[in-house]
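In: one predicted model, sequence on top.
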Amino acid sequence: MEAFGRLDLFHANAGVEGVAQMLVDLDIAVFDQVFAVNVRGAFLCARAAVRRFVAQGDGGSLLFTSSLACMMGTPSSSVYNASKHAVHGLARCLAREVPPGIRVNSLAPGVVDTRMMRSLEESMGSAAGVDAAAFRAGLEQMVPIHRYAAAEEIAAAAAWILSDEVPYLHGETITVGGGLTP
């Protein structure tokens, strides 16, 4: 706003993974942290962006980053998955609340080669009784194109969704999972 005087695009992309642990063993502090960042953070960002778009009076594009986790259940990931289900629901509802001209969509990436995946490989691998490298190899084999996405590939999808190239794209969740589907 300070640099350009207006807001046209907003990508609510922050997220944390918490820990891979069975729900019955999970500390409530982990739940609170994951929901504070993944859900409350998305809510606060979206509310601020939509308020700005409405005040400007000429539309805008808002994108939430969810995850393929918003469409599935995964052992030892219940809190993370539930938070991404919540983000997915927030996007779907907000898309029906905003005035015409404001577009709201969600991006659901699969496995992406990031620091977050390193953490999940370690914790989920440990929960499965394998080392992180073996866990990663197993995940890569589950993805039909047999590799993780590069962060730049997800960024390209986000840029396209936010752009004016697809003005009819509204209320949608676009998956970018290398063929991995829930």
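Out: Alright, I've got the coordinates.

In: surely residue 160 is in a helix?
Out: Yes - judged by DSSP: H, G, I helix; E, B strand; the rest coil, residue 160 forms part of a helix.

In: wait, it sits on residue 154?
Out: No - applying Cβ atoms under 8 Å as the test, residue 160 and residue 154 come out as separate, 10.8 Å apart. Backbone N, C-alpha and C define where each C-beta goes, glycine included.

In: what about the two, which has more around it?
Out: Using other Cβ atoms under 10 Å, the more surrounded residue of residue 160 and residue 154 is residue 154, with 19 against 13.

In: so residue 19 makes contact with residue 123?
Out: Yes - with contacts defined as Cβ under 8 Å, residue 19 counts as touching residue 123 at a distance of 5.6 Å.

In: and residue 81, what element?
Out: When elements are defined using DSSP states H and E, residue 81 is found to belong to helix 78-97.

In: residues contacting that helix, please?
Out: With contact meaning Cβ atoms under 8 Å, 6 or more residues apart in numbering, helix 78-97 is reached by 15, 17-18, 22-23, 26, 30-31, 34-35, 38-39, 42-43, 46, 50, 62, 64-67, 69-74, 103-106, 108, 170-171, 173.

In: could I have the ChimeraX command that selects the buried members from those?
Out: What follows is the ChimeraX syntax for the buried subset of the contacts of helix 78-97, where burial is set by 16 or more other Cβ atoms under 10 Å:
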select :15,17,18,26,30,31,34,35,38,39,42,43,46,50,62,64,65,66,67,69,70,71,103,104,105,106,108,173
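
In: out of the contacts of helix 78-97, which are inside helices?
Out: In this view, the contacts of helix 78-97 that belong to helices under DSSP state H are 30-31, 34-35, 42-43, 46, 50.

In: turn the residues you listed into CSV, including distance to residue 136 and pLDDT.
Out: Written out in CSV, the entries for these read as follows (distance: Cβ to Cβ, whole Å; pLDDT from 0 to 100):
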residue, distance to residue 136, pLDDT
30, 23, 94
31, 26, 95
34, 22, 96
35, 27, 96
42, 27, 97
43, 32, 98
46, 33, 98
50, 38, 98
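
In: in a markdown table: the residues you listed, plus distance to residue 85.
Out: Written out in a markdown table, the entries for those read as follows (distance: Cβ to Cβ, whole Å):
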| residue | distance to residue 85 |
| --- | --- |
| 30 | 17 |
| 31 | 14 |
| 34 | 12 |
| 35 | 11 |
| 42 | 12 |
| 43 | 14 |
| 46 | 16 |
| 50 | 21 |
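
In: quick check, nearest of those to residue 56?
Out: Closest approach between the ones in helices among the contacts of helix 78-97 and residue 56, by Cβ to Cβ: residue 50, at 10.7 Å.
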